[in-house]
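Asker: what follows is a predicted structure for the sequence shown.
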Amino acid sequence: MKKRILVIEDEEILLSLIKKKLMSKGYDVCTATNGEDGFRLIEKEKPDLILLDIIMPVLDGFEVMEKMNQTSDLSLDKIPVIIISNSGQPVEIERAMNMGIKDYLIKTDFDPDEVLAKIEKQF
Amino acid sequence: MLLDATDLCFYLNGMPTHKKDQINEKIFSKKQLADIEKKHRAETEKISKLLFKRDLELRKINEALDEKINQLEKSNGKLEDTKDILEIRLNAKTRQLREMIDGLDQEVRVRTRKLEDSQKALLNILDDYRIEKNISQAEKEKTIAIIKNMSDGILIFNNKNVLTAVNEMAIKFLNLGKIEESTYRKKNVSDLIKIKSFKSVLDIVGSEIKNVFREELKIGDKDEFIEVSVSPILINDKQIGKFIILHDISREKKVQALKTEFVSIAAHQLRTPLSAIKWTLTALIDGDFGDLEEKQLTYLKKANVSNERMIELVNDLLNLSRIEEGRYISKLEPTQIEDLVNAVIEEESLRCKKKEVRIIFKEDASLPKVQIDKEKIKLVIQNLIENALNYCFPKTDINVNLSHDKKKKELEFRVTNQGIGIPKEAQERMFNKFFRAANAVKTETVGSGLGLFINKNIIESHNGTIWFTSQEGKDTSFYFKLPTTKVKVV
């Protein structure tokens, strides 16, 4: 069965590029451009992995993760999350790591191929 | 009158001879006279002999006397000499004694003067002492006033861990105003830990008041934070107690949060267009949108290199903004440095593959944990390995070594590549901000000239050293050394 990946990213060009890359590798991809829509899709789609941006309108990445931790649906908390952000200060990385993320990637330092390699490691 | 012969002889001897003869002839017969004469002669002879003998004796006595007189005269001479010598000696002695007395007099005068001086000096010292005592009393009062009015909270304990003094700020931080002073004053740590207000601080320092350095503690209900540190109170290297310092960092925390937010936004704003360009370019170059002509590909690759250079610059600027913040080394924790090296090598594996370069990592067995700021040291290792990769020739090996000098208590990291090297004239300026060697600029690789500057700052903040050796066009080795003993943050 195809693995389903949810990409929550407000920068549309990045979103379309990574979506294209993932689909070409055979993943089932759904997308959201803000945290709120993203969380709704998490609840609805229950993806196998989430690529999550941090700085986004409405709800930011941290708030999305907090909601995942707080919800009564315990299965959400187990979905692996890989952060793709353009800000990666040690305090932010530490905060995200403490929330149980699998990896923290800075978008300028990783191209879609490298992001893909990180995703593949999770399966 | 009747005379015997002998008397007569005597009598006759005193007379003139002719008279004597006349008498003799009248008194005595010739024979008698002859006898008398004979007798007289014998007597005379006897007397002569006696006289002679006496004369001899007298002469001897005289001689002896002369000799005695001589001897006496001689002795007298000697005695005179001795007397002279004794007189001279006596005079010398007298002189000596007089001089001695004079000297002693002088000495007594000098000593007296000295004693007078000493007395004066003592009086001066006494005066000075009084002044010093007043000064030290004033200083003591000043010190107490300083401690009392310090913006940091201070708790002073004696060697038996009994709380002897608390200042105003400590009372404020620990909210001691609400409880009776008698409940905590002169109380031992073991009693204090039972008081709610003291618990959070004493949980950090423990019942033995161990030395801690800037341990963060949240106090009160609001966003108030203090840093707890313990320092021994030493007088001439002898510990007489300890004090706990409570430093308010609420403002710093707020500023730090604002700064994190600002840097986060700045990073986001700067990187977002760069990541969009990077992802688009790589997709195009990788042929995700169909095959491209060679010329198109060449220009896209060039654009990508320029973009990478910009990304690198932004990364370094963001690091720099943290390094120049002052509190760059934020958290020291015991770390196995080889874990960081392995993580970096893993992260660089894709780039290695592209350049067909192998990274060979050799480490000493049982390396110790080192107290470091993990993120920062990882940044250094990453930067050095990336540099080695950027400036090495394709299809070569990069050697990474990690060794432990147990005697010197140092850990040494080394990374060696075979590549363009560092020209001699550039070597002095390698750790300068924004400096890049001419041969590095000429190569296609990206670089901001900030990496080594940042590395040097990080390593030196850990009390370490960083250096390199290089032969242009051949090889370069970068080294850093860190103390394995507890690092004091610079």
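Answerer: Alright, I've got the coordinates.
Asker: use CA for all of it now, contacts and neighbours both
Answerer: Will do.
Asker: please list the residues of the stretch 351-490 of chain B that sit near chain A.
Answerer: B:Glu375 (C-alpha under 8 Å from any C-alpha of the partner chain).
Asker: which parts of the stretch 351-490 of chain B are strands?
Answerer: Along the stretch 351-490 of chain B, counting by DSSP state E, counting those that start in this stretch, strands occupy B:358-363, B:370-372, B:397-405, B:410-418, B:465-471, B:475-483.
Asker: residues making contact with the fourth one?
Answerer: When contacts are taken as C-alpha atoms under 8 Å, 6 or more residues apart in numbering or on different chains, the neighbours of strand B:410-418 outside the stretch itself are B:384-385, B:388-389, B:392-393, B:396-405, B:474-485.
Asker: next, the angle strand B:465-471 makes with that strand.
Answerer: 30 degrees (axes from the mean of the first three to the mean of the last three C-alpha atoms, to 10 degrees).
Asker: rewinding a little: just the buried ones from the contacts of strand B:410-418?
Answerer: The neighbour count (16 or more other C-alpha atoms under 10 Å in any protein chain shown) marks B:384-385, B:388-389, B:392-393, B:396-404, B:475-484 as buried among the contacts of strand B:410-418.
Asker: any chance of the strands of the stretch 351-490 of chain B in JSON lines, plus mean pLDDT and distance to B:Asn124?
Answerer: JSON lines is the format used below for the strands of the stretch 351-490 of chain B (pLDDT from 0 to 100; distance: least, C-alpha to C-alpha, whole Å):
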{"stretch": "strand B:358-363", "mean pLDDT": "94", "distance to B:Asn124": "69"}
{"stretch": "strand B:370-372", "mean pLDDT": "90", "distance to B:Asn124": "55"}
{"stretch": "strand B:397-405", "mean pLDDT": "95", "distance to B:Asn124": "59"}
{"stretch": "strand B:410-418", "mean pLDDT": "95", "distance to B:Asn124": "55"}
{"stretch": "strand B:465-471", "mean pLDDT": "95", "distance to B:Asn124": "54"}
{"stretch": "strand B:475-483", "mean pLDDT": "95", "distance to B:Asn124": "53"}
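Asker: turn the ones you listed into TSV, including distance to B:Gln106.
Answerer: What follows is these, written out as TSV (distance: least, C-alpha to C-alpha, whole Å):
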stretch	distance to B:Gln106
strand B:358-363	83
strand B:370-372	73
strand B:397-405	71
strand B:410-418	70
strand B:465-471	69
strand B:475-483	68
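Asker: longest helix in chain A, by residue count?
Answerer: helix A:12-24 (DSSP state H).
Asker: which positions in chain A make contact with chain B?
Answerer: Applying C-alpha under 8 Å from any C-alpha, we find that chain A lies next to chain B at A:11, A:13-14, A:17, A:55, A:85-90, A:107-109, A:111-112, A:114.
Asker: which ones among those residues lie within strands?
Answerer: Judged by DSSP state E, those include A:Ser85 as members of strands.
Asker: just the buried members of the residues of chain A next to chain B?
Answerer: A:11, A:13-14, A:17, A:55, A:85-89, A:107-109, A:111-112.
Asker: and the helices in the chain?
Answerer: Since you didn't name a chain, this refers to chain A. Assigned by DSSP H, chain A shows helices spanning A:12-24, A:35-45, A:61-70, A:90-98, A:112-121.
Asker: um, chain B though
Answerer: For chain B, applying DSSP H gives helices covering B:5-13, B:17-27, B:30-149, B:168-173, B:189-192, B:196-205, B:250-285, B:294-323, B:337-347, B:349-355, B:374-390, B:424-427, B:438-442, B:451-461.
Asker: would you single out the least confident of the ones you listed?
Answerer: Per-segment mean pLDDT for these reaches its minimum on helix B:5-13, at a mean of 58.
Asker: okay, now B:Gly241: neighbour count?
Answerer: For B:Gly241, the count of nearby residues is 19 (other C-alpha atoms under 10 Å in any protein chain shown).
Asker: ok, now the one 5 residues further on?
Answerer: Burial of B:Leu246, expressed as a neighbour count using other C-alpha under 10 Å, amounts to 26.
Asker: for stretch B:144-162, buried residues please.
Answerer: Neighbour-count burial for stretch B:144-162 [16+ other C-alpha under 10 Å]: B:147-148, B:152-158, B:161-162.
Asker: okay, and which of these map to strands?
Answerer: Reading strands off these with DSSP E, I get B:153-158.
Asker: for these, give me a markdown table that also has distance to B:Leu122 and pLDDT.
Answerer: Output for those, formatted as a markdown table (distance: C-alpha to C-alpha, whole Å; pLDDT from 0 to 100):
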| residue | distance to B:Leu122 | pLDDT |
| --- | --- | --- |
| B:Gly153 | 44 | 92 |
| B:Ile154 | 41 | 91 |
| B:Leu155 | 41 | 91 |
| B:Ile156 | 38 | 90 |
| B:Phe157 | 39 | 90 |
| B:Asn158 | 37 | 90 |
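Asker: got a list of what B:Ile147 touches?
Answerer: Contacts of B:Ile147 were listed using C-alpha under 8 Å, 6+ apart, and they are B:154, B:167.
Asker: ditto for A:Glu63
Answerer: A:Glu63 makes contacts with A:Gly35, as judged by C-alpha under 8 Å, 6+ apart.
Asker: what separates it from chain B, distance-wise?
Answerer: Distance from A:Glu63 to chain B, counting by C-alpha to the nearest C-alpha, to the nearest Å: 15 Å.
Asker: one step back: then the longest helix of chain A to CSV, C-alphas only?
Answerer: The C-alpha trace of helix A:12-24 is given here as CSV (Å, rounded to 0.1, in the frame of the first residue of the first chain):
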residue,chain,number,x,y,z
GLU,A,12,3.6,27.2,-2.7
ILE,A,13,6.5,26.7,-5.0
LEU,A,14,8.3,24.5,-2.4
LEU,A,15,5.1,22.7,-1.8
SER,A,16,4.6,21.9,-5.4
LEU,A,17,8.2,20.9,-5.9
ILE,A,18,8.3,18.5,-3.0
LYS,A,19,4.9,17.1,-3.9
LYS,A,20,6.1,16.4,-7.4
LYS,A,21,9.2,14.7,-6.1
LEU,A,22,7.3,12.5,-3.6
MET,A,23,4.7,11.5,-6.1
SER,A,24,7.4,10.6,-8.6
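Asker: mind giving me the packing neighbours of it?
Answerer: Packing partners of helix A:12-24 (3 or more C-alpha pairs under 8 Å, 6 or more residues apart in numbering or on different chains; DSSP states H and E): strand A:4-8, strand A:28-32, helix A:112-121, helix B:250-285.
Asker: tell me the average confidence for the first one?
Answerer: Across strand A:4-8, the average pLDDT comes to 96.
Asker: just checking: what are the partner strands of it?
Answerer: Paired strands of strand A:4-8, with direction, are strand A:28-32 (parallel), strand A:49-52 (parallel) (DSSP bridges).
Asker: quick one: residues contacting the residue minimising distance to the centre of chain A.
Answerer: What sits nearest the mean C-alpha location of chain A, by C-alpha atoms, centre = their mean, is A:Leu51, with 1.8 Å. Going by C-alpha under 8 Å, 6+ apart, A:Leu51 touches A:5-9, A:81-84.
Asker: near the residue in the stretch 51-200 of chain B positioned nearest to chain A, how many other residues are there?
Answerer: Relative to chain A, the nearest point of the stretch 51-200 of chain B is B:Ser200 (23.5 Å; C-alpha to the nearest C-alpha). Counted with other C-alpha under 10 Å, residues neighbouring B:Ser200 total 15.
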